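Participant: sequence and predicted structure are below.
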Amino acid sequence: MYAVVRTGGMQFKVFPDETVRVPRLQAEEGQQVTIDEVLLYQDGDHTVVGSPTVAGARVIAQVMAHGKGHKVMVFKMKKRKGYHRTRGHRQDYTELLIKDISISKAD
């Protein structure tokens, strides 16, 4: 069983009892969050594709930790002009433990 969910403007394929890093969510560590934007739900031979989302489907997850990703360096340069700039960026993330993927039986 798995689902494809959208959070933070990105899509993630999630499985029960696995962790996934998503863009930072406004939730405390240990708190449960519900993701209602389920784009696809698959359980064995039963597949439901949403248009755009699957009605009645949801993913329940627990916030495990917050952190910052690896550093991404951005370097700009214009040749023969003496112009160069270096910037760094670290994206915030939230690590989620997927507890349950469910869909209502009103298909």
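Facilitator: Great, that's in hand. Please read all numbers here as calculations on a predicted model, not as lab measurements.
Participant: wait, what's in contact with the residue nearest the centre of the chain?
Facilitator: For the chain, V22 is the residue whose C-alpha lies nearest the centre (CA atoms, centre = their mean; 3.5 Å). Listed by CB atoms under 8 Å, 6 or more residues apart in numbering, the contact partners of V22 are T7, G8, M10, F12, Y93, T94, L96. Heads up, the C-betas are built off the backbone N, CA and C, glycines and all.
Participant: what distance do you get for the residue of the chain positioned farthest from its centre to R87?
Facilitator: In the chain, R80 marks the outermost C-alpha relative to the chain mean, sitting 42.5 Å out by CA atoms, centre = their mean. In this structure, R80 and R87 are 22 Å apart, going by CB to CB, to the nearest Å.
Participant: between the contacts of V22, which sits nearest V48?
Facilitator: In terms of CB to CB, no member of those lies closer to V48 than F12, at 17.2 Å.
Participant: in this protein, where is pLDDT below threshold?
Facilitator: Under the criterion pLDDT under 70, the flagged ranges of the chain are 106-107.
Participant: following the helix or strand containing R58, which helix or strand shows up next?
Facilitator: In the assignment (DSSP states H and E), R58 maps to strand 57-68. Using DSSP H and E, the helix or strand that directly follows strand 57-68 along the chain is strand 72-78.
Participant: ok, and what's touching that next one?
Facilitator: Contacts of strand 72-78 from elsewhere in the structure, counted by CB under 8 Å, 6+ apart, are Y83, H84, R85, T86, R87, G88, H89, R90, Q91.
Participant: most neighbours, which of those?
Facilitator: Greatest neighbour count in those, by other CB atoms under 10 Å, goes to Q91: 13 neighbours.
Participant: roughly how far does that residue sit from Q62?
Facilitator: The gap separating Q91 from Q62 is 21 Å, by CB to CB.
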